[in-house]
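**Q** quick check, what structure comes out for this input:
(one chain, ligands or ions: 1)
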Amino acid sequence: MKKKVFLISGGSSGIGLAIVAGLAAEGHQVISLSRSREKIKRGMKQYPDLENKVDFITGDISSEQDAENVWKHVAEKYGVLHGLVNNAGVLTKGTMETISVEDWKFTLDVNLTGPYIITKALLPLLKKAGSASVVNISSVAGLKPGTSVAYSVSKAGMDMLTRFLAGDLGPYKIRVNSVNPGLVRTNIHLDNKVVADRESYEAMLDKARPRYPLGEIGEPEDIANMVMFLLSDDAAWISGSIIPVDGGVMVENDLIPPKK
Ligand SMILES: NC(=O)c1ccc[n+]([C@@H]2O[C@H](COP(=O)([O-])OP(=O)(O)OC[C@H]3O[C@@H](n4cnc5c(N)ncnc54)[C@H](OP(=O)(O)O)[C@@H]3O)[C@@H](O)[C@H]2O)c1
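**A** Numbering: from 1, shown residues only. Below you'll find the predicted structure:
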């Protein structure tokens with residue numbers, strides 16, 4: 001791949017960090033955008049060599065002011081953007097009856113309005129690339145109801161954003177696709193207090209595993225591989241696609257007995 005400039009939101013942890021590491025290993029200029037310095041430090045324990053290679057910046061994707069600062073930073077330092085991965089996201093618990101309005105709004109703000117705000121802010125730099133790729137990290141929970149109403153709705157909205165933008169931005173040679181992961185081992189459940197501790201997290205994974213035809217839950221690299229393909233010129237004619245990367249969980253149904 002020709003050396004390019006990519007911005008990954010939520011690049012300090014989990015799936016985003018694996019994408020950042022993969023792109024940096026190919027020699028690209030990678031910018032990672034996330035909120036807390038602590039999580040960046042935690043990520044660097046996993047990938048110590050990234051500290052000097054990657055431009056780790058801080059900001060909240062759901063803040064218009066932060067998005068403008070990000071645009072300024074990228075414009076002044078690099079002048080162009082070849083790819084954007086809208087990966088940053090949060091997870092909140094709750095059904096219609098149990099979720100608070102505050103949690104509902106927070107989830108929609110970060111997972112849906114955030115990608116809209118940051119994509120809009122960076123659009124002039126994506127257009128400048130002449131040919132660019134946007135990848136939205138959605139979820140299988142956006143394709144069929146998951147365990148959190150706000151999360152599922154936010155990801156279903158993100159998939160429509162993908163389809164809409166693919167049509168809107170195609171004339172600028174900007175491709176837009178969704179990658180919809182199944183359950184992947186990251187920090188999202190613990191950091192967002194969806195499970196109380198590591199023991200409950202492992203118990204949750206053990207319970208989920210038999211529902212996956214391939215018999216395993218995912219690793220961040222499983223998702224990063226697809227994202228890197230969609231960012232590359234090999235995916236030059238792919239736009240508006242919603243692509244599950246999920247160990248086959250989308251074909252799970254009641255007729256297939258779960259593996260013990
Ligand atoms: N793990 C799974 O099972 C799974 C399954 C399907 C889909 N996904 C999706 O995959 C994406 C990545 O999730 P993950 O599992 O890798 O989670 P993670 O380990 O918790 O990482 C989330 C990243 O997003 C950043 N972030 C959160 N809110 C942000 C905001 N408002 N502005 C900027 N950055 C923000 C976090 O850093 P700060 O908190 O410091 O900002 C962190 O870098 C999410 O969109 C998630 O919904 C995950």
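
**Q** for stretch 48-64, list the C-alpha coordinates in CSV.
**A** Output in CSV follows, covering the C-alpha atoms of stretch 48-64 (Å, rounded to 0.1, in the frame of the first residue of the first chain):
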residue,chain,number,x,y,z
PRO,A,48,5.3,0.1,23.5
ASP,A,49,6.8,0.8,20.1
LEU,A,50,3.7,2.7,19.0
GLU,A,51,4.3,5.7,21.3
ASN,A,52,6.8,7.4,18.9
LYS,A,53,5.1,6.2,15.6
VAL,A,54,1.5,7.3,16.2
ASP,A,55,0.1,10.7,16.7
PHE,A,56,-2.1,10.2,19.8
ILE,A,57,-4.5,13.2,20.3
THR,A,58,-7.2,13.7,22.8
GLY,A,59,-10.8,14.9,22.2
ASP,A,60,-14.4,13.8,22.4
ILE,A,61,-16.0,12.8,19.0
SER,A,62,-19.4,14.0,20.2
SER,A,63,-18.1,17.6,20.8
GLU,A,64,-18.3,20.0,17.8
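
**Q** from the chain's centre, how far out does that stretch sit?
**A** How far stretch 48-64 lies from its chain's middle: 14 Å, per C-alpha atoms, centre = their mean, to the nearest Å.

**Q** buried sites along that stretch?
**A** Neighbour-count burial for stretch 48-64 flags Leu50, Lys53, Val54, Asp55, Phe56, Ile57, Thr58, Gly59, Asp60, Ile61, Ser62, Ser63 (criterion: 16 or more other C-beta atoms under 10 Å). C-beta here means a position set from N, CA and C on the backbone, and glycine is covered the same way.

**Q** which among those gets closest to His73?
**A** Ile57 (6.1 Å; C-beta to C-beta).

**Q** who's the closest one bridged to?
**A** Judged by DSSP bridges, the bridge partners of Ile57 are Leu33.

**Q** which ones are touching it?
**A** Ile31, Ser32, Leu33, Val70, His73 (C-beta atoms under 8 Å, 6 or more residues apart in numbering).

**Q** which of those sits closest to the ligand?
**A** Leu33 (5.9 Å; C-beta to the nearest ligand atom).

**Q** what's stretch 209-223 in contact with?
**A** If you take C-beta under 8 Å, 6+ apart as the criterion, stretch 209-223 is touched by 14-15, 17-19, 22, 137, 179, 181-186, 205, 208, 245-249, 251-252, 256, 258-260.

**Q** from the contact counts, what lies against whichever strand or helix holds Val176?
**A** Using DSSP states H and E, Val176 sits within strand 174-181. Contacts defined by 3 or more C-beta pairs under 8 Å, 6 or more residues apart in numbering; DSSP states H and E place strand 174-181 against strand 132-137, helix 149-169, helix 220-231, strand 242-245.
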